[in-house]
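Trainee: kindly return the folded structure for what I paste below:
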Amino acid sequence: MTIGIAVSGRCAGLAAFSALRAVEAVGRGAIGGFASFVAISLDGEIIRAQTQRGGARTLFTAGETTGVMPPTAFAEAPLAALMSSGPDRPLPLSQFTPAKADVGLVSGHRLPNLALPSGCPLNEEVLALMSRGASPETAVALLNDFPKADAGVIAVALDGSMALANTALVERRDDIGSAFHKDRPSGLTVGVLHNAIFPAGALAALAVAAAVDAVAPADRSDFEIAVEAGLALQLGEHPQVDVCGRAVTAITVDEAAWLGKRWEGTAITRSAPVIENGETIGWTVSEPYCVAQEGRLVSMSGSTKIHLGVREA
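Mentor: Take a look at the predicted model:
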């Protein structure tokens, strides 16, 4: 009946929000209602946003406009966590995402806010353990002591380290999903726990992918190069694009069919090296649909001139 998402790294707030929005776009069930969002900002402050209905669509608003992206302080926060489900949860919604500015954040799913026999809520006790010096991994191991608690938690420390766990009771469910991923290119660490949202088998992976894509999209580029029809194609061992300045001067293909009477496909492939004066200056991030006749480009994605994005080397 909930999803918990936590992210650490550059623009973790934007990543967490984007993950929730992606899950809401695909999932059905206990989603799109309340959301409790917490982050530790770049200046070390706890910042919060919440909504009882509408999920990511109403979590941040601009006047009467819903569905807006997080404000800068939230988007750029290096630590962020949220918990979301159906509508109208008990107040305060902050009970679902406890946080301390000098310790870290805790999210989760099911009922991590319910009290242990000691009277302290499970998620608050996990945070308290971290405040006493426990690592996230050690802190979430507390769940082993309460196997019948109906909860899962995700703990994130100030240094970005993270751990997640379900109790034995929750692990027996047939509608749960989870993911823990450290993404090297973006520097993000993402943790996800969910239940009662379907299709259960795919949502955690989707949340992780959306979080990473929001911060480091695979098709992002640093500059563009111009390609014009009429260029002669040359056969080589590997695809390659030669440039002078920002204009393509030669395209190397590794399939002889491109030099025949007519051929169609991807003469410029994604991740082809872009070469200038013998040095690799980047790699292409997209691939136009090309038509060639007699070894020369006729069109690229229906145009006679296009600009291709390049990731700088």
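
Trainee: contacting residues around the spatially most central residue of the chain?
Mentor: Closest residue to the average C-alpha location of the chain: residue 211 at 1.1 Å, with Cα atoms, centre = their mean. Contacts for residue 211 (Cβ atoms under 8 Å, 6 or more residues apart in numbering) come out as 5, 7, 15, 16, 18, 19, 188, 190. C-beta coordinates here come from the backbone N, C-alpha and C atoms, glycine included.

Trainee: which of those has the most neighbours?
Mentor: Neighbour count (other Cβ atoms under 10 Å) singles out residue 7 as the most crowded of the contacts of residue 211, with 39 neighbours.

Trainee: and that one, what are its bridge partners?
Mentor: residue 80, residue 190 (DSSP bridges).

Trainee: now the host helix or strand of residue 156, how far from the centre of its chain.
Mentor: Following DSSP states H and E, one finds residue 156 within strand 151-157. Distance, stretch centre to chain centre, for strand 151-157: 18 Å (Cα atoms, centre = their mean, to the nearest Å).

Trainee: ok, then the element right after that strand?
Mentor: Immediately after strand 151-157, counting by DSSP H and E, sits strand 162-166.

Trainee: one step back: could I get the contacts of residue 211 as CSV with pLDDT, distance to residue 200 and secondary structure?
Mentor: Listed next are the contacts of residue 211 as CSV, based on pLDDT from 0 to 100; distance: Cβ to Cβ, whole Å; DSSP: H, G, I helix; E, B strand; the rest coil:
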residue, pLDDT, distance to residue 200, secondary structure
5, 98, 15, strand
7, 98, 21, strand
15, 98, 22, helix
16, 98, 20, helix
18, 98, 20, helix
19, 98, 16, helix
188, 98, 23, coil
190, 98, 18, strand
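
Trainee: redo these as TSV? Include distance to residue 74.
Mentor: Output for the contacts of residue 211, formatted as TSV (distance: Cβ to Cβ, whole Å):
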residue	distance to residue 74
5	14
7	12
15	11
16	9
18	12
19	14
188	16
190	17
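
Trainee: one step back: run the angle between the strand holding residue 156 and strand 162-166 for me.
Mentor: Put simply, strand 151-157 runs at 170 degrees to strand 162-166, going by axes from the mean of the first three to the mean of the last three Cα atoms, to 10 degrees.

Trainee: other SSEs contacting strand 151-157?
Mentor: strand 2-8, strand 79-85, strand 104-110, helix 122-131, helix 136-140, strand 162-166, strand 189-195 (3 or more Cβ pairs under 8 Å, 6 or more residues apart in numbering; DSSP states H and E).
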